[in-house]
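S.K.: kindly generate the corresponding structure for this input.
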Amino acid sequence: MANTPSPHIESRHQLVETLSRGCKPKSDWRIGTEHEKFTYYSDTFKPVPYFGERGIGALLDKAQRETAWTPYYDGENVIGLNNPLGGGAISLEPGGQFELSGAPLETIHETCVEANDHLRMLRKFTGPMGIEFLGMGVTPTWTLAEIPQMPKSRYGIMAPYMEKVGTLGTSMMFRSATVQVNLDFADEADMVRKLRVGLALQPVATALFANSPFLEGKPNGFLSFRSHIWRNADAARTGMLPFVFEEGMSFERYVEYALDVPMYFVIRDGKYVNCAGESFRAFLDGKLPQLPGEIPTLKDWEDHLSTLFPEVRMKQFLEMRGADGGPWQGICALPAFWVGLLYDGVALDAAWDLVKDWTAEERETLRAEVPRTALKTPFRSGTVYDIAKEAVAIARAGLKARGNRNWEGADETIFLKPLDRTLETGKTPAERLLDCYHGDWHGDVTRIYTDHAMARGAA
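M.R.: Got it, this is the predicted structure:
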């Protein structure tokens, strides 16, 4: 069956409606968790290319046969798989980071089952292929030149543009990875409250999940080098969105922001048209140089929204984007943190009370300093550790209030255990890795591939 053509944009209202369609009653709120991991060969610790019998393309082929998920292509190459039963997809990031975009699920218990099922399925193939996964915020040993590019056309457009507008954009594309959670909102007011809390506390999440202290085989001077990368990628499409905290914040205000972010591409007949740096406002007026006289479709607008990378991104849900990739046991800790804060009314009020008097300068300072010092970052009369401890306590109360229990009777607070360990020890995952580096590893970062492979983490 042919795809229904996307309607052309005829009014500003359609741009706003693309976002406002995300409003839904609390009974329909879901949790969508995305996690990226690096692929490497267990015998050489080198990144896995796309092509070849032991390549990522072959791994996708095997996964497709096992799951019967629907492949999707860029040209002749399979670049991902979609779950035809509704929700869930496997995709590739530019440097071969293997991503599961989870289905929208009701509980974090279901999220954890999904994550473990995903890894268990992949292990049927990765073992014989000699492939392992690593959960980190940044590749610990590889240079950019060593990392093979995946055959996705959009990356051929993005990479050269990234080199023009920032200093670390290609590092973001090819050697960073994240865990992210996507969450719903009830209406415009609820969206605004959640977006504000999410932005303000995003550096706190960055601190708690900091897990990228190495670069090209040695300490890089940061605890979350991934977050440092994002600060130096493309200022026009990243950041803390100070306008969100101004009076009158709305879906329409976010649309105005999105219209001012330069374009990357337009897709026509399955091919990417390079529009890097062009204006979507000009496109609305039929003045896009690459497509003179054409006006955009709603699909063009949705594609454009997906090329914005603020610390919290809005589509028809809110994406929490501040955390480093991490070990398998910690994947469910991120949705637990944010669901606990944002999905219970009392907890959301408490979280807003925690951050509502922070200034734009304070929020930006946190984003600037946390990548290097994480929980030890000074803030007012204390440190980020103090904020993190209070935020995790609020999240715990929010999860308890949800009352979702597994078959053993445990509620969703069990998924906060990795954060409890961090707060009890005062050490982030990055600092624990640095302890290994200066201790048992004797300065050999490659030990991370044998000691912290994700395959050891699935239940």
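S.K.: then Glu132 would be within a strand, right?
M.R.: Yes. Assessed by DSSP: H, G, I helix; E, B strand; the rest coil, Glu132 belongs to a strand.
S.K.: next up, the contacts around it.
M.R.: Thr39, Tyr40, Tyr41, Ser42, Thr126, Tyr449, Ala453, Met454, Ala455 (C-beta atoms under 8 Å, 6 or more residues apart in numbering). (C-beta placed from N, C-alpha, C; glycine too.)
S.K.: and those, which are buried?
M.R.: For the contacts of Glu132, a burial check counting by 16 or more other C-beta atoms under 10 Å picks out Thr39, Tyr40, Tyr41, Thr126, Tyr449, Ala453, Met454, Ala455.
S.K.: quick check: buried residues in stretch 209-224?
M.R.: Phe209, Ala210, Asn211, Ser212, Pro213, Phe214, Leu215, Pro219, Asn220, Phe222, Leu223, Ser224.
S.K.: oh sorry, the question was meant for stretch 186-194
M.R.: Neighbour-count burial for stretch 186-194 [16+ other C-beta under 10 Å]: Ala186, Glu188, Asp190, Met191, Val192, Arg193, Lys194.
S.K.: pipe these into JSON lines and attach distance to Trp69 and pLDDT per row.
M.R.: Formatted as JSON lines, those follow (distance: C-beta to C-beta, whole Å; pLDDT from 0 to 100):
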{"residue": "Ala186", "distance to Trp69": "32", "pLDDT": "98"}
{"residue": "Glu188", "distance to Trp69": "35", "pLDDT": "98"}
{"residue": "Asp190", "distance to Trp69": "33", "pLDDT": "98"}
{"residue": "Met191", "distance to Trp69": "31", "pLDDT": "98"}
{"residue": "Val192", "distance to Trp69": "36", "pLDDT": "98"}
{"residue": "Arg193", "distance to Trp69": "36", "pLDDT": "98"}
{"residue": "Lys194", "distance to Trp69": "31", "pLDDT": "98"}
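S.K.: take the residues you listed and lay them out in CSV including distance to Tyr254.
M.R.: Below are these laid out as CSV (distance: C-beta to C-beta, whole Å):
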residue, distance to Tyr254
Ala186, 17
Glu188, 10
Asp190, 14
Met191, 9
Val192, 10
Arg193, 14
Lys194, 13
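S.K.: pick out whichever of those residues sits closest to Arg120.
M.R.: Checking the buried residues of stretch 186-194 against Arg120 by C-beta to C-beta gives Lys194 as the nearest, at 33.0 Å.
S.K.: secondary structure element holding the closest one?
M.R.: Per DSSP states H and E: Lys194 is located in helix 188-208.
S.K.: what's in contact with whatever helix or strand comes next after that helix?
M.R.: Later in the chain than helix 188-208, the nearest helix or strand by DSSP H and E is strand 214-215. Contacts of strand 214-215 with the rest of the structure, by C-beta under 8 Å, 6+ apart, involve Val138, Pro140, Thr141, Asn220, Phe225, Leu433, Tyr437, Val445, Ile448.
S.K.: give me the pLDDT for the first one.
M.R.: Model confidence at Val138, given as pLDDT, is 98.
S.K.: now intersect the contacts of strand 214-215 with the helices, please.
M.R.: Among the contacts of strand 214-215, DSSP state H puts Phe225, Leu433, Tyr437, Ile448 in helices.
S.K.: residue contacts, the third one?
M.R.: Read that as Tyr437. Counting by C-beta under 8 Å, 6+ apart, Tyr437 makes contact with Pro213, Phe214, Pro219, Gly443, Asp444, Val445.
S.K.: average pLDDT across stretch 122-131?
M.R.: Averaged across stretch 122-131, the pLDDT comes to 94.
S.K.: tell me which stretches of the stretch 301-450 of the chain form helices.
M.R.: 333-342, 345-355, 360-373, 384-402, 417-425, 429-438, 447-451 (DSSP state H, counting those that start in this stretch).
S.K.: show me where pLDDT drops low in the protein?
M.R.: Within the chain, the stretches with pLDDT under 70 are 1-3, 455-459.
S.K.: can you pull the contacts of the closest residue to Val392 other than its chain neighbours?
M.R.: Leaving aside its sequence neighbours, Val392 sits nearest to Leu419 (C-beta to C-beta, 6 or more residues apart in numbering; 5.3 Å). Applying C-beta under 8 Å, 6+ apart, one finds that Leu419 lies in contact with Leu208, Ala333, Ala336, Phe337, Ala388, Val392.
S.K.: state the number of residues packed around the last one.
M.R.: Val392 sits with 22 neighbouring residues when counted by other C-beta atoms under 10 Å.
S.K.: I figured it hits Asp420, correct?
M.R.: Yes. Using C-beta atoms under 8 Å, Val392 makes contact with Asp420 at a distance of 7.5 Å.
S.K.: over to Trp58: give its phi and psi.
M.R.: Just to correct that, residue 58 is Ala rather than Trp. Torsion angles at Ala58 (phi, psi; degrees, to the nearest 10) stand at phi -70, psi -40.
S.K.: which ones are touching Tyr50?
M.R.: Per C-beta under 8 Å, 6+ apart, neighbours of Tyr50: Ile56, Gly57, Asn77, Leu92, Gly96, Pro148, Met150, Pro151.
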